[in-house]
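> Just the structure for this:
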Amino acid sequence: MNSIRLSKLSNSLGTSGLEALALNAGPSLVYLTGLHFHLSERPVIALFTADHDPVIILPELELLKVKDVPYDIKAFFYSENPADWDGIFRRAIATLKLDGKRIGVEPRQMRLLEFRQIKSCVPKADFPDASDLVSSLRVRKEAAEISAIRKAVKAAQSALEATIPLIKVGMTETELASELVVQLLRHGSQSEMPFAPIISGGPNSANPHANPSDRKIRRGDMLVVDWGASVDGYVSDLTRTFAVGDVNYEYRKIHRIVLEANAAGREAGKPGAPCANVDIAARKVIGKAGYGKYFTHRTGHGIGMEGHEEPYMRGDNMQLLEPGMVYTVEPGIYLPDRNGVRIEDNMVITENGAECLSDLERGLLVVG
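Predicted coordinates for the structure are as follows:
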């Protein structure tokens with residue numbers, strides 16, 4: 001599989017105006033090579049060109065990782081002494097004759113540590129943004145990738161179902177988040193999850209990306225749970241909102257509105273439709289109900305090896321949805337200092353429409 005992906009990259013480089021692509025440790029490197037490295041104080045760089053075998057520069061202690069890969073790769077390793085690194089990098093990069101050339105990078109991933117190391121070896125090179133090139137390879141998921149995301153959705157849903165009976169008035173958001181993490185691990189998630197669960201109640205739920213706090217869950221709260229699992233290196237990202245005991249009419253009302261917006265957003269996704277349609281459909285429901293100014297973020301984002309990746313469901317994004325694209329639909333209403341609601345599902349575009357991968361109850365469940 002990796003040899004096929006590398007071949008696709010070579011073809012894309014040939015038409016991109018780039019002479020090379022430089023990647024450090026991260027999802028794109030895993031996608032192309034199957035090689036996993038942590039970002040650490042020891043730099044790892046892989047360089048890809050259209051007409052040479054990939055070159056990778058890595059610490060000696062990681063050398064066994066490239067020993068039996070099923071494709072040709074030239075490995076250059078360095079010792080623990082940083083004084084020796086520059087010479088190794090120069091020797092490796094010189095094999096590709098890249099000075100004065102255009103070397104694409106991923107700005108969101110490339111660290112200054114690795115960038116400086118490359119730049120010092122090719123001072124006349126240009127380093128344009130290659131995010132579109134890389135995302136064009138990753139954005140349409142293969143069958144095995146979609147299968148892994150399905151498993152991640154199933155693990156996440158099973159974990160929350162096991163956690164719901166544990167929700168009690170008086171427990172803190174942090175305590176509930178801890179219980180959910182345990183259940184995620186028990187139900188098959190890898191320990192490196194896409195993000196730490198967001199558990200937010202009452203006024204905290206009006207913050208879309210709140211961190212779990214020591215605030216105790218109270219009756220009358222809306223309780224937002226945003227969580228995901230990771231299986232075989234692929235992730236899920238879901239949100240459900242609960243009522244803690246009896247909640248007032250307006251909070252039940254905004255939950256119904258968000259539920260309708262979620263359904264509209266899910267319905268809008270189909271092959272050939274622009275991503276903008278998903279956002280517009282969900283936003284129209286919330287705007288018509290008079291809560292448009294309280295929906296403060298895009299309707300969704302792609303998921304795969306990362307929790308946030310292409311494509312993005314924004315009202316100005318005219319990128320066309322294609323079979324194999326996987327993304328979230330997550331409209332919300334956030335009333336400052338009061339309560340918030342978000343309902344999030346995971347979708348995949350098929351040849352004939354869109355399939356919702358998540359089926360956990362979306363209606364307003366009462367807990368506590």
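> roughly how far apart are residue 366 and residue 221?
11 Å (CB to CB, to the nearest Å). (Glycine included, C-beta is placed from N, CA and C.)
> More neighbours: those two, which one.
residue 221 (25 against 10; other CB atoms under 10 Å).
> From what I see, the more buried one and residue 247 are in contact.
Yes - between residue 221 and residue 247 there is a contact at 7.3 Å, judged by CB atoms under 8 Å.
> Show me whatever sits in contact with both of these two.
Overlap of the contact sets of residue 221 and residue 247 (by CB atoms under 8 Å, 6 or more residues apart in numbering) consists of residue 339.
> on that earlier part again, identify the contacts common to residue 366 and residue 221.
With CB under 8 Å, 6+ apart as the test, residue 366 and residue 221 both reach 243-244.
> list the contacts for the residue nearest in space to the middle of the chain?
Centroid check for the chain by CA atoms, centre = their mean gives residue 307 as the closest residue, at 1.8 Å. Going by CB under 8 Å, 6+ apart, residue 307 touches 194-195, 228, 235, 237.
> go again using 10 Å as the cut-off
Taking CB atoms under 10 Å, 6 or more residues apart in numbering, we find residue 307 in contact with 193-195, 228, 230, 235-237, 301, 328.
> could you dump those residues to CSV with pLDDT and secondary structure?
Shown next, in CSV, are the contacts of residue 307 (pLDDT from 0 to 100; DSSP: H, G, I helix; E, B strand; the rest coil):
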residue, pLDDT, secondary structure
193, 97, coil
194, 97, coil
195, 97, coil
228, 98, coil
230, 98, strand
235, 98, strand
236, 98, coil
237, 98, coil
301, 98, strand
328, 99, strand
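> Most neighbours of all those, which one?
For the contacts of residue 307, the largest neighbour count, defined by other CB under 10 Å, is 31 neighbours, found at residue 236.
> my read: that one touches residue 187, true?
No - counting by CB atoms under 10 Å, residue 236 sits too far from residue 187 to count as a contact (11.5 Å).
> gap between the two ends of stretch 263-273?
16 Å (CA to CA, to the nearest Å).
> Can you point out the buried residues in that stretch?
263-269, 271 (16 or more other CB atoms under 10 Å).
> ok so, going back, common neighbours of residue 236 and residue 187, please.
Residues touching both residue 236 and residue 187 (CB under 10 Å, 6+ apart) are 154-157, 229.
> which among those gets closest to residue 94?
residue 229 (43.8 Å; CB to CB).
> Which pLDDT does the model give that closest one?
Per-residue pLDDT puts residue 229 at 98.
> distance of it from residue 56?
30 Å.
> Ok, residue 90 next?
15 Å.
> So those two - more neighbours on which side?
Comparing residue 90 with residue 56 by neighbour count (other CB under 10 Å), the higher total belongs to residue 56, at 26 against 14.
> Excluding covalently adjacent residues, which one is nearest to the more buried one?
residue 46 (4.5 Å; CB to CB, 6 or more residues apart in numbering).
> Could I get the contacting residues of that neighbour?
Contacts for residue 46 (CB under 10 Å, 6+ apart) come out as 21-25, 28-29, 32-33, 35, 37, 54-58, 66, 73, 75.
> go with 6 Å
For residue 46, the contacting residues are 23, 29, 54, 56, by CB atoms under 6 Å, 6 or more residues apart in numbering.
> Same question for residue 274.
So residue 274 contacts 318, 320 (CB under 6 Å, 6+ apart).
> same deal with residue 277?
Listed by CB under 6 Å, 6+ apart, the contact set of residue 277 reads residue 268.
> quick one: it from residue 322, how far?
14 Å.
> do the same with residue 123
According to CB to CB, residue 123 stands 40 Å off from residue 322.
> ok, now residue 87?
Computed as CB to CB, the residue 87 to residue 322 distance reads 45 Å.
> now residue 273
Here the criterion is CB to CB. By it, residue 273 lies 10 Å from residue 322.
> need the strands for the stretch 151-300 of the chain, in chain order.
Assigned by DSSP state E, counting those that start in this stretch, the strands in the stretch 151-300 of the chain fall at 198-201, 222-227, 230-231, 234-235, 238-244, 300-302.
> Make TSV from those strands and add distance to residue 13 to it.
Putting the strands of the stretch 151-300 of the chain into TSV (distance: least, CB to CB, whole Å) gives the following:
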stretch	distance to residue 13
strand 198-201	38
strand 222-227	37
strand 230-231	30
strand 234-235	25
strand 238-244	36
strand 300-302	22
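> Determine which of those strands approaches residue 340 most closely.
Residue 340 lies closest, by CB to CB, to one member of those: strand 222-227, at 6.0 Å.
> Provide the contact partners of the closest one at residue level.
Around strand 222-227, the neighbours that count as contacts under CB under 6 Å, 6+ apart are 180, 197-201, 205, 239-242, 244, 251, 339-342.
> pLDDT at the residue lying closest to residue 12 once chain neighbours are set aside, what is it?
Spatial nearest neighbour of residue 12, chain neighbours left out: residue 133 (5.8 Å); criterion: CB to CB, 6+ apart. Here the pLDDT value assigned to residue 133 is 97.
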